[in-house]
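Visitor: heads up, no residue letters with this:
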(Lines give C-alpha, C1' and ligand atoms only; values in the text may rest on other atoms or scores of the structure.)
Protein backbone atom coordinates (compact mmCIF):
# COMPACT_ATOMS: atom_id res chain seq x y z
CA UNK A 1 0.00 0.00 0.00
CA UNK A 2 1.48 3.31 -1.12
CA UNK A 3 -0.16 6.53 0.09
CA UNK A 4 0.51 10.15 -0.85
CA UNK A 5 -0.41 13.06 1.41
CA UNK A 6 -0.12 16.09 -0.90
CA UNK A 7 -0.41 19.87 -0.75
CA UNK A 8 0.43 19.91 2.96
CA UNK A 9 0.42 23.51 4.15
CA UNK A 10 3.32 22.69 6.49
CA UNK A 11 4.91 19.36 7.36
CA UNK A 12 6.11 19.72 10.94
CA UNK A 13 9.12 18.22 12.72
CA UNK A 14 10.89 16.60 9.81
CA UNK A 15 14.25 14.93 10.34
CA UNK A 16 16.75 13.98 7.65
CA UNK A 17 19.20 12.75 10.29
CA UNK A 18 17.01 11.37 13.10
CA UNK A 19 17.98 12.03 16.73
CA UNK A 20 17.21 9.88 19.75
CA UNK A 21 16.31 12.93 21.87
CA UNK A 22 16.55 16.71 21.83
CA UNK A 23 18.53 18.53 24.53
CA UNK A 24 19.06 22.05 25.86
CA UNK A 25 18.95 24.88 23.32
CA UNK A 26 18.05 22.43 20.55
CA UNK A 27 14.65 22.07 22.22
CA UNK A 28 13.73 25.43 20.67
CA UNK A 29 14.18 24.16 17.11
CA UNK A 30 11.95 22.12 14.84
CA UNK A 31 12.33 21.77 11.09
CA UNK A 32 9.33 22.09 8.78
CA UNK A 33 8.59 22.06 5.06
CA UNK A 34 5.92 24.32 3.58
CA UNK A 35 3.78 23.17 0.63
CA UNK A 36 4.94 19.63 1.22
CA UNK A 37 4.21 16.02 0.38
CA UNK A 38 4.53 12.87 2.50
CA UNK A 39 4.75 9.35 1.05
CA UNK A 40 3.87 6.27 3.11
CA UNK A 41 4.63 2.71 2.05
CA UNK A 42 2.82 0.08 4.10
CA UNK A 43 3.43 1.12 7.73
CA UNK A 44 6.54 3.30 7.23
CA UNK A 45 7.36 6.83 6.11
CA UNK A 46 9.05 6.44 2.73
CA UNK A 47 9.75 10.02 1.66
CA UNK A 48 8.80 13.67 2.05
CA UNK A 49 9.73 17.04 0.63
CA UNK A 50 8.44 20.15 -1.17
CA UNK A 51 5.60 19.59 -3.68
CA UNK A 52 7.82 21.13 -6.37
CA UNK A 53 10.14 18.12 -6.01
CA UNK A 54 7.48 15.38 -6.06
CA UNK A 55 8.25 12.95 -8.87
CA UNK A 56 5.45 11.46 -10.94
CA UNK A 57 4.53 8.00 -9.69
CA UNK A 58 1.54 5.79 -8.97
CA UNK A 59 -0.17 5.67 -5.57
CA UNK A 60 -2.85 3.41 -4.14
CA UNK A 61 -4.33 6.32 -2.19
CA UNK A 62 -3.99 10.09 -2.35
CA UNK A 63 -5.04 12.56 0.33
CA UNK A 64 -5.25 16.28 -0.42
CA UNK A 65 -4.19 18.23 2.70
CA UNK A 66 -4.63 21.71 1.26
CA UNK A 67 -4.73 24.30 4.06
CA UNK A 68 -3.86 21.68 6.65
CA UNK A 69 -0.71 20.74 8.53
CA UNK A 70 0.78 17.34 9.30
CA UNK A 71 2.42 16.55 12.65
CA UNK A 72 3.96 13.36 14.03
CA UNK A 73 1.58 11.75 16.49
CA UNK A 74 2.00 12.60 20.15
CA UNK A 75 3.86 10.08 22.29
CA UNK A 76 2.43 9.83 25.81
CA UNK A 77 5.06 8.19 28.00
CA UNK A 78 3.25 8.18 31.35
CA UNK A 79 -0.35 7.03 31.88
CA UNK A 80 -2.40 4.97 34.32
CA UNK A 81 -5.32 4.46 31.99
CA UNK A 82 -6.38 0.97 33.03
CA UNK A 83 -8.72 1.70 35.93
CA UNK A 84 -12.27 1.11 37.14
CA UNK A 85 -14.48 4.10 37.87
CA UNK A 86 -13.90 7.81 38.32
CA UNK A 87 -12.98 9.71 41.49
CA UNK A 88 -14.87 12.99 41.24
CA UNK A 89 -15.87 12.86 44.93
CA UNK A 90 -12.20 13.19 45.86
CA UNK A 91 -12.02 16.07 43.41
CA UNK A 92 -14.66 17.83 45.51
CA UNK A 93 -12.68 16.97 48.66
CA UNK A 94 -9.69 18.74 47.14
CA UNK A 95 -11.81 21.80 46.40
CA UNK A 96 -12.86 21.78 50.05
CA UNK A 97 -9.23 21.87 51.11
CA UNK A 98 -8.15 18.28 51.76
CA UNK A 99 -4.63 17.54 50.58
CA UNK A 100 -3.56 14.64 48.35
CA UNK A 101 -1.83 13.11 51.38
CA UNK A 102 -4.89 13.51 53.64
CA UNK A 103 -7.14 11.81 51.10
CA UNK A 104 -4.63 8.95 50.74
CA UNK A 105 -4.30 8.44 54.51
CA UNK A 106 -8.04 7.84 54.89
CA UNK A 107 -8.11 5.19 52.17
CA UNK A 108 -8.82 7.39 49.18
CA UNK A 109 -6.58 8.13 46.24
CA UNK A 110 -4.65 5.16 44.89
CA UNK A 111 -6.20 2.82 47.48
CA UNK A 112 -9.67 3.75 46.25
CA UNK A 113 -8.77 2.85 42.66
CA UNK A 114 -7.06 -0.34 43.85
CA UNK A 115 -10.23 -1.59 45.55
CA UNK A 116 -12.22 -1.02 42.38
CA UNK A 117 -9.65 -2.71 40.15
CA UNK A 118 -9.54 -5.73 42.47
CA UNK A 119 -13.32 -6.06 42.15
CA UNK A 120 -13.52 -5.44 38.38
CA UNK A 121 -13.34 -8.17 35.77
CA UNK A 122 -10.54 -8.28 33.25
CA UNK A 123 -13.06 -7.87 30.44
CA UNK A 124 -14.55 -4.76 32.01
CA UNK A 125 -11.12 -3.19 32.47
CA UNK A 126 -10.21 -4.05 28.88
CA UNK A 127 -13.36 -2.61 27.30
CA UNK A 128 -13.12 0.61 29.33
CA UNK A 129 -9.44 1.08 28.51
CA UNK A 130 -9.97 0.34 24.81
CA UNK A 131 -12.55 3.15 24.66
CA UNK A 132 -10.05 5.49 26.33
CA UNK A 133 -7.41 4.57 23.75
CA UNK A 134 -9.86 5.45 20.98
CA UNK A 135 -10.37 8.87 22.56
CA UNK A 136 -6.59 9.36 22.82
CA UNK A 137 -6.14 8.40 19.18
CA UNK A 138 -8.71 10.94 18.02
CA UNK A 139 -6.83 13.64 19.94
CA UNK A 140 -3.59 12.83 18.12
CA UNK A 141 -1.74 10.31 20.32
CA UNK A 142 -0.09 7.42 18.52
CA UNK A 143 2.09 5.79 21.19
CA UNK A 144 1.44 5.37 24.90
CA UNK A 145 2.97 3.81 27.99
CA UNK A 146 0.43 2.24 30.38
CA UNK A 147 1.31 1.40 33.97
CA UNK A 148 -0.22 -1.05 36.39
CA UNK A 149 -0.31 0.16 39.99
CA UNK A 150 -4.00 0.10 40.87
CA UNK A 151 -3.84 -3.57 41.80
CA UNK A 152 -1.88 -3.58 45.08
CA UNK A 153 -2.00 -7.39 45.13
CA UNK A 154 -0.09 -9.76 42.89
CA UNK A 155 -3.31 -11.10 41.37
CA UNK A 156 -4.73 -7.66 40.58
CA UNK A 157 -1.44 -6.28 39.26
CA UNK A 158 -1.14 -9.23 36.87
CA UNK A 159 -4.76 -8.67 35.84
CA UNK A 160 -3.92 -5.11 34.87
CA UNK A 161 -0.82 -6.16 32.94
CA UNK A 162 -2.80 -8.83 31.07
CA UNK A 163 -5.31 -6.13 30.11
CA UNK A 164 -2.45 -4.04 28.74
CA UNK A 165 -1.23 -7.04 26.73
CA UNK A 166 -4.72 -7.39 25.23
CA UNK A 167 -4.75 -3.69 24.42
CA UNK A 168 -1.45 -4.07 22.55
CA UNK A 169 -3.10 -6.69 20.36
CA UNK A 170 -6.40 -4.84 19.85
CA UNK A 171 -5.35 -1.21 19.37
CA UNK A 172 -3.51 0.48 16.48
CA UNK A 173 -1.58 2.57 19.00
CA UNK A 174 1.95 1.52 19.91
CA UNK A 175 1.80 0.51 23.60
CA UNK A 176 4.49 -0.07 26.23
CA UNK A 177 3.64 -1.72 29.57
CA UNK A 178 5.09 -0.95 32.99
CA UNK A 179 4.86 -2.87 36.25
CA UNK A 180 4.16 -0.30 38.97
CA UNK A 181 3.58 -2.69 41.85
CA UNK A 182 4.93 -0.05 44.25
CA UNK A 183 2.42 2.73 43.51
CA UNK A 184 1.09 3.00 47.06
CA UNK A 185 1.20 1.21 50.40
CA UNK A 186 -1.86 -0.94 51.22
CA UNK A 187 -3.44 -0.21 54.59
CA UNK A 188 -2.45 -3.62 56.00
CA UNK A 189 1.22 -2.83 55.31
CA UNK A 190 1.26 0.60 56.94
CA UNK A 191 4.07 0.61 59.49
CA UNK A 192 5.73 -2.42 57.90
CA UNK A 193 6.01 -1.44 54.27
CA UNK A 194 9.24 -3.41 53.85
CA UNK A 195 7.00 -6.50 53.80
CA UNK A 196 5.07 -5.05 50.87
CA UNK A 197 8.38 -4.35 49.13
CA UNK A 198 9.20 -8.03 49.68
CA UNK A 199 5.89 -8.95 48.03
CA UNK A 200 6.73 -6.85 44.97
CA UNK A 201 10.19 -8.42 44.74
CA UNK A 202 9.28 -12.03 45.53
CA UNK A 203 5.94 -12.32 43.72
CA UNK A 204 5.00 -9.48 41.38
CA UNK A 205 8.25 -9.06 39.49
CA UNK A 206 8.90 -12.79 38.89
CA UNK A 207 5.29 -13.40 37.83
CA UNK A 208 5.26 -10.44 35.41
CA UNK A 209 8.56 -11.66 33.96
CA UNK A 210 7.35 -15.25 33.65
CA UNK A 211 4.35 -14.15 31.58
CA UNK A 212 6.28 -11.51 29.63
CA UNK A 213 3.88 -8.79 30.76
CA UNK A 214 6.10 -5.79 31.51
CA UNK A 215 8.52 -3.77 29.39
CA UNK A 216 9.57 -1.58 32.33
CA UNK A 217 9.45 -1.38 36.13
CA UNK A 218 8.42 1.73 38.06
CA UNK A 219 8.37 2.79 41.72
CA UNK A 220 6.73 5.78 43.43
CA UNK A 221 9.86 7.04 45.21
CA UNK A 222 8.66 10.03 47.18
CA UNK A 223 7.84 11.41 50.60
CA UNK A 224 5.03 9.38 52.16
CA UNK A 225 5.47 6.53 49.66
CA UNK A 226 8.59 4.44 49.03
CA UNK A 227 12.05 5.33 50.30
CA UNK A 228 15.21 5.40 48.21
CA UNK A 229 16.26 2.14 49.89
CA UNK A 230 12.91 0.52 49.05
CA UNK A 231 13.20 1.77 45.49
CA UNK A 232 16.73 0.48 44.96
CA UNK A 233 15.74 -3.00 46.15
CA UNK A 234 12.83 -3.16 43.69
CA UNK A 235 14.76 -1.71 40.76
CA UNK A 236 17.58 -4.19 41.29
CA UNK A 237 15.06 -7.03 41.29
CA UNK A 238 13.43 -5.74 38.11
CA UNK A 239 16.76 -5.35 36.32
CA UNK A 240 17.54 -9.01 36.97
CA UNK A 241 14.52 -9.81 34.80
CA UNK A 242 15.40 -7.27 32.09
CA UNK A 243 12.92 -4.57 33.17
CA UNK A 244 14.49 -1.15 32.71
CA UNK A 245 13.49 1.37 35.41
CA UNK A 246 11.17 4.37 35.12
CA UNK A 247 10.59 6.28 38.37
CA UNK A 248 7.94 8.52 39.91
CA UNK A 249 10.11 11.04 41.76
CA UNK A 250 10.08 14.39 43.57
CA UNK A 251 6.37 15.13 43.24
CA UNK A 252 5.93 15.73 46.96
CA UNK A 253 9.45 16.69 48.05
CA UNK A 254 13.15 16.41 47.18
CA UNK A 255 13.03 12.69 47.84
CA UNK A 256 16.32 11.54 46.35
CA UNK A 257 14.36 9.73 43.65
CA UNK A 258 16.09 11.56 40.80
CA UNK A 259 19.49 10.43 42.08
CA UNK A 260 18.22 6.86 42.32
CA UNK A 261 16.87 7.08 38.76
CA UNK A 262 20.26 8.13 37.40
CA UNK A 263 22.11 5.54 39.50
CA UNK A 264 20.04 2.76 37.96
CA UNK A 265 20.06 4.22 34.44
CA UNK A 266 16.30 4.76 34.44
CA UNK A 267 14.81 5.57 31.07
CA UNK A 268 12.89 8.43 32.67
CA UNK A 269 12.11 10.03 36.01
CA UNK A 270 8.68 11.61 36.13
CA UNK A 271 6.81 14.42 37.94
CA UNK A 272 9.82 16.42 39.25
CA UNK A 273 7.96 19.32 40.84
CA UNK A 274 10.74 19.53 43.44
CA UNK A 275 13.94 19.64 41.41
CA UNK A 276 16.94 21.68 42.56
CA UNK A 277 20.46 22.36 41.34
CA UNK A 278 21.78 19.06 42.70
CA UNK A 279 19.12 17.08 40.83
CA UNK A 280 19.76 18.95 37.58
CA UNK A 281 23.50 18.37 37.92
CA UNK A 282 22.85 14.69 38.53
CA UNK A 283 20.72 14.38 35.39
CA UNK A 284 23.30 16.08 33.13
CA UNK A 285 25.24 13.50 31.17
CA UNK A 286 22.84 10.68 32.07
CA UNK A 287 20.55 8.71 29.78
CA UNK A 288 17.54 9.49 32.00
CA UNK A 289 14.83 11.72 30.47
CA UNK A 290 13.25 14.23 32.87
CA UNK A 291 9.51 13.90 32.29
CA UNK A 292 7.09 16.55 33.52
CA UNK A 293 3.36 15.88 33.96
CA UNK A 294 1.58 19.24 33.58
CA UNK A 295 -1.92 17.76 33.88
CA UNK A 296 -1.31 16.50 37.41
CA UNK A 297 0.32 19.76 38.52
CA UNK A 298 -2.65 21.68 37.11
CA UNK A 299 -5.31 19.42 38.61
CA UNK A 300 -3.68 19.28 42.05
CA UNK A 301 -2.64 22.95 41.95
CA UNK A 302 0.97 21.96 42.61
CA UNK A 303 4.28 23.73 42.18
CA UNK A 304 5.61 23.66 38.63
CA UNK A 305 8.79 21.80 37.78
CA UNK A 306 11.66 24.16 36.83
CA UNK A 307 11.54 23.31 33.14
CA UNK A 308 13.27 26.46 31.88
CA UNK A 309 16.12 25.96 34.34
CA UNK A 310 16.46 22.34 33.19
CA UNK A 311 16.65 23.30 29.51
CA UNK A 312 19.03 26.20 30.15
CA UNK A 313 21.34 23.75 31.93
CA UNK A 314 21.37 21.56 28.80
CA UNK A 315 18.76 18.94 29.67
CA UNK A 316 16.05 17.64 27.41
CA UNK A 317 12.53 17.53 28.80
CA UNK A 318 9.59 15.26 27.96
CA UNK A 319 5.96 16.00 28.81
CA UNK A 320 3.15 13.49 29.20
CA UNK A 321 -0.47 13.39 30.31
CA UNK A 322 -0.31 11.23 33.48
CA UNK A 323 -3.84 10.20 32.45
CA UNK A 324 -5.43 8.67 35.57
CA UNK A 325 -8.72 8.95 37.50
CA UNK A 326 -7.34 10.73 40.55
CA UNK A 327 -4.88 13.46 39.64
CA UNK A 328 -5.03 13.93 35.86
CA UNK A 329 -8.30 12.69 34.34
CA UNK A 330 -7.54 13.77 30.76
CA UNK A 331 -5.72 11.99 27.93
CA UNK A 332 -5.52 15.17 25.82
CA UNK A 333 -1.91 15.74 24.75
CA UNK A 334 -3.01 18.86 22.87
CA UNK A 335 -3.90 20.29 26.28
CA UNK A 336 -0.47 19.23 27.62
CA UNK A 337 1.06 21.14 24.71
CA UNK A 338 -0.86 24.24 25.83
CA UNK A 339 0.02 23.76 29.51
CA UNK A 340 3.69 23.51 28.49
CA UNK A 341 3.53 26.95 26.90
CA UNK A 342 1.23 28.71 29.39
CA UNK A 343 2.34 27.28 32.73
CA UNK A 344 5.95 26.38 32.01
CA UNK A 345 6.71 29.23 29.57
CA UNK A 346 7.97 26.88 26.89
CA UNK A 347 8.14 28.00 23.29
CA UNK A 348 5.81 26.08 20.94
CA UNK A 349 8.86 24.39 19.39
CA UNK A 350 10.08 23.26 22.82
CA UNK A 351 6.63 21.96 23.71
CA UNK A 352 6.33 20.02 20.44
CA UNK A 353 9.71 18.35 21.03
CA UNK A 354 8.69 17.56 24.62
CA UNK A 355 5.46 15.80 23.58
CA UNK A 356 6.84 13.87 20.60
CA UNK A 357 10.50 12.92 20.14
CA UNK A 358 11.50 13.27 23.81
CA UNK A 359 8.43 11.47 25.11
CA UNK A 360 9.12 8.76 22.52
CA UNK A 361 12.63 8.48 23.98
CA UNK A 362 11.08 8.08 27.44
CA UNK A 363 9.42 4.89 26.13
CA UNK A 364 12.51 3.68 24.22
CA UNK A 365 10.65 4.38 20.97
CA UNK A 366 12.47 7.37 19.48
CA UNK A 367 14.24 5.24 16.86
CA UNK A 368 10.86 4.51 15.30
CA UNK A 369 8.44 7.18 16.56
CA UNK A 370 8.24 10.85 17.49
CA UNK A 371 9.15 12.66 14.27
CA UNK A 372 8.68 12.66 10.50
CA UNK A 373 11.69 10.72 9.25
CA UNK A 374 12.27 8.18 6.49
CA UNK A 375 11.95 4.64 7.82
CA UNK A 376 10.03 5.59 10.95
CA UNK A 377 6.57 4.22 11.68
CA UNK A 378 3.95 6.27 9.82
CA UNK A 379 2.13 7.69 12.85
CA UNK A 380 0.89 11.19 12.13
CA UNK A 381 -2.20 13.35 12.08
CA UNK A 382 -3.61 15.91 9.68
CA UNK A 383 -4.97 19.03 11.32
CA UNK A 384 -8.08 20.96 10.53
CA UNK A 385 -7.29 24.11 8.52
CA UNK A 386 -5.04 26.18 10.84
CA UNK A 387 -2.89 29.25 10.33
CA UNK A 388 0.47 28.29 11.89
CA UNK A 389 1.90 25.46 13.98
CA UNK A 390 1.90 27.87 16.92
CA UNK A 391 -1.90 27.66 16.75
CA UNK A 392 -1.69 24.13 18.19
CA UNK A 393 -0.83 25.20 21.77
CA UNK A 394 -2.57 28.57 21.39
CA UNK A 395 -6.10 27.22 20.84
CA UNK A 396 -6.37 25.21 24.05
CA UNK A 397 -9.44 23.05 24.56
CA UNK A 398 -10.17 22.75 20.84
CA UNK A 399 -9.43 19.50 19.00
CA UNK A 400 -7.35 20.54 16.00
CA UNK A 401 -6.99 16.97 14.67
CA UNK A 402 -9.05 16.11 11.57
CA UNK A 403 -7.59 12.78 10.37
CA UNK A 404 -5.34 10.22 12.05
CA UNK A 405 -2.91 7.75 10.46
CA UNK A 406 -1.31 5.01 12.55
CA UNK A 407 1.01 2.36 11.12
CA UNK A 408 0.38 3.94 7.72
CA UNK A 409 -3.39 3.41 7.81
CA UNK A 410 -6.11 5.98 8.34
CA UNK A 411 -8.06 5.11 11.46
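Guide: Great, that's in hand. All of these numbers come straight from a predicted model, not from anything done at the bench.
Visitor: contacting residues around residue 122?
Guide: Shown in contact with residue 122 (CB atoms under 8 Å, 6 or more residues apart in numbering): 159, 162-163. For every residue, glycine as well, the C-beta is placed using N, CA and C.
Visitor: Please list only the buried members of the residues you listed.
Guide: 159, 162-163 (16 or more other CB atoms under 10 Å).
Visitor: Same list, those residues, but as JSON lines with secondary structure please.
Guide: Listed next are the buried ones among the contacts of residue 122 as JSON lines, based on DSSP: H, G, I helix; E, B strand; the rest coil:
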{"residue": "159", "secondary structure": "helix"}
{"residue": "162", "secondary structure": "helix"}
{"residue": "163", "secondary structure": "helix"}
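Visitor: Go through those and name the one nearest residue 202.
Guide: residue 159 (18.6 Å; CB to CB).
Visitor: Hmm, residue 117 and the closest one touching each other?
Guide: Yes: using CB atoms under 8 Å, residue 159 is in contact with residue 117, at 7.4 Å.
Visitor: Need the residues touching each of those two.
Guide: 125, 151.
Visitor: need the buried ones among the contacts of residue 122 in CSV with distance to residue 312, can you?
Guide: Formatted as CSV, those follow (distance: CB to CB, whole Å):
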residue, distance to residue 312
159, 44
162, 44
163, 41
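Visitor: Dump those residues into a markdown table; add distance to residue 354 and pLDDT as well.
Guide: Shown next, in a markdown table, are these (distance: CB to CB, whole Å; pLDDT from 0 to 100):
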| residue | distance to residue 354 | pLDDT |
| --- | --- | --- |
| 159 | 33 | 98 |
| 162 | 32 | 98 |
| 163 | 28 | 98 |
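Visitor: quick check, nearest of the residues you listed to residue 233?
Guide: If you rank the buried ones among the contacts of residue 122 by distance to residue 233 using CB to CB, residue 159 comes first, at 24.2 Å.
Visitor: and the nearest residue to that closest one once chain neighbours are set aside, what are its phi and psi?
Guide: Spatial nearest neighbour of residue 159, excluding adjacent residues (CB to CB, 6 or more residues apart in numbering): residue 122 at 5.4 Å. Note on residue 122: its backbone torsions stand at phi -60, psi -40 [degrees, to the nearest 10].
Visitor: Next, work out how far apart the residue nearest to the spatial centre of the chain and residue 358 are.
Guide: Closest to where the C-alpha atoms of the chain average out (CA atoms, centre = their mean) is residue 77, at 1.9 Å. As defined by CB to CB, to the nearest Å, residue 77 lies at a distance of 9 Å from residue 358.
Visitor: For this protein, identify the residue most remote from the centre.
Guide: Computed with CA atoms, centre = their mean, the most peripheral residue in the chain is residue 56, at 39.3 Å.
Visitor: where does that residue land in three-state SS?
Guide: Residue 56 falls in the coil class when you classify it by three-state DSSP.
Visitor: Tell me where the stretch 1-150 of the chain is predicted with low confidence.
Guide: 100, 104-107 (pLDDT under 70).
Visitor: just the helices in it please.
Guide: In the stretch 1-150 of the chain, the segments counted as helices under DSSP state H, counting those that start in this stretch are 88-95, 100-105, 110-119, 122-138.
Visitor: do the same with the stretch 251-400 of the chain
Guide: Under the criterion DSSP H, counting those that start in this stretch, helices of the stretch 251-400 of the chain are mapped to 257-263, 277-283, 294-299, 307-312, 333-342, 348-355, 357-361, 391-394.
Visitor: Output those as a markdown table; include the columns distance to residue 32.
Guide: Output for the helices of the stretch 251-400 of the chain, formatted as a markdown table (distance: least, CB to CB, whole Å):
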| stretch | distance to residue 32 |
| --- | --- |
| helix 257-263 | 33 |
| helix 277-283 | 29 |
| helix 294-299 | 24 |
| helix 307-312 | 21 |
| helix 333-342 | 16 |
| helix 348-355 | 10 |
| helix 357-361 | 14 |
| helix 391-394 | 12 |
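Visitor: Of all those helices, which one is nearest residue 186?
Guide: Among the helices of the stretch 251-400 of the chain, helix 257-263 comes nearest to residue 186, with 20.7 Å by CB to CB.
Visitor: just curious, which of the buried ones among the contacts of residue 122 is nearest to residue 33?
Guide: Distances from residue 33 to those, taken as CB to CB, are shortest for residue 163 (40.2 Å).
Visitor: show me the contacts for the closest one.
Guide: Neighbouring residues of residue 163 by CB under 8 Å, 6+ apart: 82, 122, 125-126, 129.
Visitor: if you set the cut-off to 10 Å instead, what comes out?
Guide: Contacts for residue 163 (CB atoms under 10 Å, 6 or more residues apart in numbering) come out as 82, 117, 120, 122-130, 146, 148, 177, 213.
Visitor: cool, residue 114 as well?
Guide: Counting by CB under 10 Å, 6+ apart, residue 114 touches 83-84, 107, 149-153, 156-157, 183-184, 186.
Visitor: Farthest-apart pair in the residues you listed, please.
Guide: Pairwise distances across these (CB to CB) peak at 18.9 Å, for the pair 107 and 157.
Visitor: Those two: who's more crowded?
Guide: Per other CB atoms under 10 Å, whichever of residue 107 and residue 157 has more neighbours is residue 157, with 30 against 12.
Visitor: what's near enough to touch residue 10?
Guide: Residue 10 makes contacts with 32-36, 65, 68-71, 383, 386, 388-389, as judged by CB under 10 Å, 6+ apart.
Visitor: what does residue 303 give?
Guide: Shown in contact with residue 303 (CB under 10 Å, 6+ apart): 251, 273-275, 297.
Visitor: same question, residue 269
Guide: By CB under 10 Å, 6+ apart, residue 269 lies in contact with 218, 221, 245-250, 257-262, 275, 279, 282-283, 286, 288-291, 362.
Visitor: got the residue ranges for the strands in the stretch 301-411 of the chain?
Guide: 318-319, 372-373, 380-383, 401-406, 409-410 (DSSP state E, counting those that start in this stretch).
Visitor: picking that back up, what residues are shared contacts of residue 77 and residue 358?
Guide: Contacts common to residue 77 and residue 358, judged by CB under 10 Å, 6+ apart, are 268, 289, 291, 318-320.
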